[in-house]
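S.K.: Quick check, what structure comes out for this input:
(chains A and B)
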Amino acid sequence: MHPVRKQRLYLVLFIALFSSIAVGLVVYALRGNINLFYPPAEVAAGKAPTGQPIRVGGMVLEDSLQRAPDSLAIRFKLTDYEAAVDVVYVGILPDLFAEGQGAVASGVLNEEGVLEATEILAKHDENYMPPEVTHALENSAYDEKGNAK
Amino acid sequence: MIPEIGHFALILALCLALVLASVPAWGAWRGNSVAMALAPSLAVGLLVFVGISFGCLATAFLQDDFTVALVASHSNTLLPPMYKFSAVWGNHEGSLVLWALILAMWTAAVAIFSSQLPLLVLSRVLSVMGAIAVGFLSFSLLTSNPFARLLPGAPADGADLNPLLQDPGLIIHPPLLYMGYVGFSVAFAFAIAALLGGRLDASWARWSRPWTNIAWAFLSLGIMLGSWWAYYELGWGGWWFWDPVENASFMPWLAGTALVHSLAATEKRGLFKSWTVLLAIFAFSLSLLGTFLVRSGVLTSVHAFAVDPERGMFVLVFLALVVGGSLTLYALRAPAVSSRVSFDWVSRESLLLCNNVVFLVAALTVLFGTMFPLIVDALGMGKVSVGPPYFNAVFVPLMALLVPVMGLGPVSRWKRDSLSRWRGELLIPTVVAVLCGITLPALHAPYNIWVALAVLLSSWLLLGLLKDFWQRLRNASTTAGGLRRLTPGYCGMVIAHLGFAACVIGIVATSQYSVEHDLKMDPGDSRELAGYDFRFIEVVQVRGPNFVADEARFEVTRDGVPVASMSPQKRRYLASGSVMTEAAIDAGLFRDLYVAMGEPVGESGAWAMRLHYKPMVRWMWLGAILMALGAFTAAADKRYRRQRTAAPAANKAALHGA
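M.R.: Take a look at the predicted model:
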């Protein structure tokens, strides 16, 4: 074979090999690491899987926030005003987390239908609503204040 | 009045950009040197008018002119003056003006510092940059006018800047990042000009290289500042979240890194020409994509300002035009500029090729991870998010593959080298690197295999550099003479590669050794963390210029010896009422101590506290600074400014070539 062609052939083989390694890595990494978003209504209806990472977003229900007296454990309800999901979390909440505000919790749903959250995201300024929460409320018959549309 | 002047100046700037995009390009096509010669002055004029416009906007902010809608919604009379100034770009409209200003600066810089360029090439380059300016200025004027007035009914006071953005880091982070983003437009413009002219040679690479290096250096600094800001300002102690917008700045950096290295091969050996052009197009397209992702609000992120589908559509169309247009041009012209230079497999060329493949694949995997949620959403398959585990799983092995090649790079030779020579050169560095990898992590119990691997790879990289450096000095008759013979280009490479090694060590050590505790503490409580004793003394009320805060007082001791007193704050900003955490950090070269306040717990005065011990976290940022410094040094190489005398001849040849 002509040396230049041979070199090209090796080049193509090298790139093909390398990209398949990369694609392999990507597929492997994606398998365990994507988590789907569910609005509270779907979680309550049993559509969300248990035992695998998911995200749930909605408004934090008024008067639902409970704190443990001696640890950083907290419990609250996320709602799209159709249904509510209990969330438990141990740790420090984001600054703008508050009752009556939008939040997204990511974690694993246990057998009792309680979301054991490992991360809580709140909006980061006064006028901003996480898009997922907006989406969850669009599908709900209520607006963000809980009034019927 | 001032805002109207600003608005008018922006419109004039758009007109100038339109002329710059069309007349010199027409001149270059027709061989009309009068039209071509207009380009530099048009470029300077563009800078003047965008500068006036930016100045007017800044004045409106500094004078608290709340009749301007933008000022009313992003500033406040209580805001300290320097934040009033940085509030100019702490919002969508203003950041576009900043973008346009920096683009105009780059364009004018090319016009002023490229007197050695043939006029034909210069006018094409400036025309392409003018066309980009048309895109951004019309984006600003048509969809997001920064000077819109609130008349009548202007508020007595403004709504305040988002407290997260009230920080010195955020004053310089966006300008530096934009310098990088927009700087790739120069490399892009050079590439397009070369495709238009059908002439791609070593001198093209030599013109394009310093600009690309400088842009890359700014982008590195910008990303580093963003990471540093997130570390101390967001109050979580994290420094990289694989947030879509972080990725948006990281992807051009990855493509730019590949470009910087590929340009080296193109300049020195005339290789990979069409590939380099493609990378230049790719790097700038990723910068634009980043802008689209940030400005359209399609992604959830701390950086998303306002969500406005019209703006998203504008950037998307602009992106499609730029990417589609340049790729079409590439498809038409690339065969004419491709090179036929051969090289041996064991050579510096193939090592640079490895670098390019790794960085490009890395950029593509990050792109895929960032776009995947959008694609899934567009296909109606639900809302997913791709988190840090994906990026870490893909990115870390790729970088681990890269470092062995990086160690070989400096000692390797162009064109043809031999494995036996590499073996001879690198036997001792290999042994020493293995020894370092085994012994150094033992200093920190427990023994960590990942840190061992990182130390092995970085010391391999470091020793390869040292070996080459030593050889260069030894080959000279005297040490001083040897030092003098080192070119800035070579020194820059050494500094940047050292920075990369420092970065690897810092990232791995801080990820592996960090100790983090979130806990409830009463005043008077004491907690031990990684050998440091954190004593929570009290909480006091303090008042800042535009906020009130609860400030916790901590005394940190180690074996009874005082180390630091730390005072994290929980601030409530007066204008917006928003609450923000201000972490206290005791910084050191080998470890950071980090305390942030959560919220009050119970009635007894107890608080939720975040205590972190972060070893070697500074190495990562120092590494990034070294990388940038290296790129600046390399750009200062004299060989990029030496062909002034040859210019007229080249000019003539280029004219005939067209």
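
S.K.: and the residue nearest the centre of chain A, what are its phi and psi?
M.R.: Closest to where the C-alpha atoms of chain A average out (Cα atoms, centre = their mean) is A:Arg55, at 2.6 Å. Dihedral angles of A:Arg55 (phi, psi; degrees, to the nearest 10) stand at phi -120, psi 140.

S.K.: Give the burial count for the nearest residue in space to it that is not next to it in sequence, as a bare number.
M.R.: Spatial nearest neighbour of A:Arg55, chain neighbours left out: A:Ser106 (4.3 Å); criterion: Cβ to Cβ, 6 or more residues apart in numbering or on different chains. To be clear about C-beta, it is placed using only N, CA and C from the backbone, and glycine gets the same treatment. Residues within reach of A:Ser106, counting by other Cβ atoms under 10 Å in any protein chain shown, total 19.

S.K.: just A:Leu30 next, same as before
M.R.: Neighbours of A:Leu30 (other Cβ under 10 Å): 18.

S.K.: List the contacts of it.
M.R.: Contacts for A:Leu30 (Cβ atoms under 8 Å, 6 or more residues apart in numbering or on different chains) come out as B:Phe372, B:Val386, B:Tyr390.

S.K.: my guess is the residue nearest to A:Arg55 is in a strand, correct?
M.R.: Yes - the assignment for A:Ser106 (DSSP: H, G, I helix; E, B strand; the rest coil) places it in a strand.

S.K.: Give me the distance between the top helix by length along chain A and the centre of its chain.
M.R.: Once chain A is assigned using DSSP state H, the helix that runs over the most residues is helix A:3-33. Remark: helix A:3-33 is offset 32 Å from the chain centroid, using Cα atoms, centre = their mean, to the nearest Å.

S.K.: tell me which residues in that helix are buried?
M.R.: Buried residues in helix A:3-33, counting neighbours by 16 or more other Cβ atoms under 10 Å in any protein chain shown, are found at A:Gln7, A:Phe18, A:Ala22, A:Leu25, A:Val26, A:Ala29, A:Leu30, A:Asn33.

S.K.: and these as a markdown table, adding distance to B:Ser511 and pLDDT?
M.R.: Shown next, in a markdown table, are these (distance: Cβ to Cβ, whole Å; pLDDT from 0 to 100):
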| residue | distance to B:Ser511 | pLDDT |
| --- | --- | --- |
| A:Gln7 | 40 | 73 |
| A:Phe18 | 26 | 80 |
| A:Ala22 | 22 | 80 |
| A:Leu25 | 19 | 80 |
| A:Val26 | 21 | 81 |
| A:Ala29 | 17 | 77 |
| A:Leu30 | 21 | 77 |
| A:Asn33 | 17 | 70 |
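
S.K.: For these, name the two members farthest from one another.
M.R.: Farthest pair in the buried residues of helix A:3-33 (Cβ to Cβ) is A:Gln7 and A:Asn33. Separation: 38.2 Å.

S.K.: Now do the phi/psi pair for A:Lys64.
M.R.: Quick fix: residue A:64 reads Ser, not Lys. Torsion angles, degrees, to the nearest 10, at A:Ser64: phi -100, psi -10.

S.K.: pretty sure it is touching A:Ala103, no?
M.R.: No - look at A:Ser64 against A:Ala103 with Cβ atoms under 8 Å: they stay out of range, at 11.6 Å.

S.K.: domain ranges for chain B?
M.R.: B:1-166, B:399-513, B:518-618 (automatic domain parsing).

S.K.: what's the answer for chain A, then?
M.R.: Taken from automatic domain parsing, chain A resolves into A:1-34, A:36-138.

S.K.: Mean neighbour count, the ones you listed: which tops it?
M.R.: With neighbours defined as mean count of other Cβ atoms under 10 Å in any protein chain shown, the domains of chain A peak in mean count at domain A:36-138, which reaches a mean of 18.

S.K.: Quick check: end-to-end length of it?
M.R.: Taking Cα to Cα, to the nearest Å, domain A:36-138 runs 18 Å from one end to the other.

S.K.: distance between that domain and the chain's centre?
M.R.: For domain A:36-138, the distance to the chain centre is 9 Å (Cα atoms, centre = their mean).

S.K.: what is the rounded mean pLDDT of that domain?
M.R.: Averaged across domain A:36-138, pLDDT comes to 82.

S.K.: Take the contacts of A:Leu30 and keep only those in helices.
M.R.: B:Phe372, B:Tyr390.

S.K.: so the residue nearest to A:Arg55 bridges to which residues?
M.R.: A:Arg55, A:Glu119 (DSSP bridges).

S.K.: which ones are touching it?
M.R.: Here A:Ser106 is in contact with A:Asn35, A:Pro53, A:Ile54, A:Arg55, A:Val56, A:Ala117, A:Thr118, A:Glu119, A:Leu121, B:Ser385 (Cβ under 8 Å, 6+ apart).

S.K.: If we use 10 Å, what do you get?
M.R.: A:Ser106 makes contact with A:35, A:37, A:53-57, A:115, A:117-121, B:385, B:387, according to Cβ atoms under 10 Å, 6 or more residues apart in numbering or on different chains.

S.K.: Going by distance to B:Ala202, which of those wins?
M.R.: Using Cβ to Cβ, the contacts of A:Ser106 come closest to B:Ala202 at B:Gly387, 44.8 Å.

S.K.: burial of the closest one, as a residue count?
M.R.: 18.

S.K.: nearest residue to it other than its sequence neighbours?
M.R.: A:Asn33 (5.7 Å).

S.K.: okay but the one you found is in contact with A:Val27, surely?
M.R.: No - between A:Asn33 and A:Val27 there is no contact under Cβ atoms under 10 Å: 11.0 Å.

S.K.: Show me the common contact partners of these two, please.
M.R.: B:Val394.

S.K.: picking up where we left off before, is it possible to export the domains of chain B to TSV including mean pLDDT?
M.R.: Shown next, in TSV, are the domains of chain B (pLDDT from 0 to 100):
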stretch	mean pLDDT
domain B:1-166	91
domain B:399-513	87
domain B:518-618	89
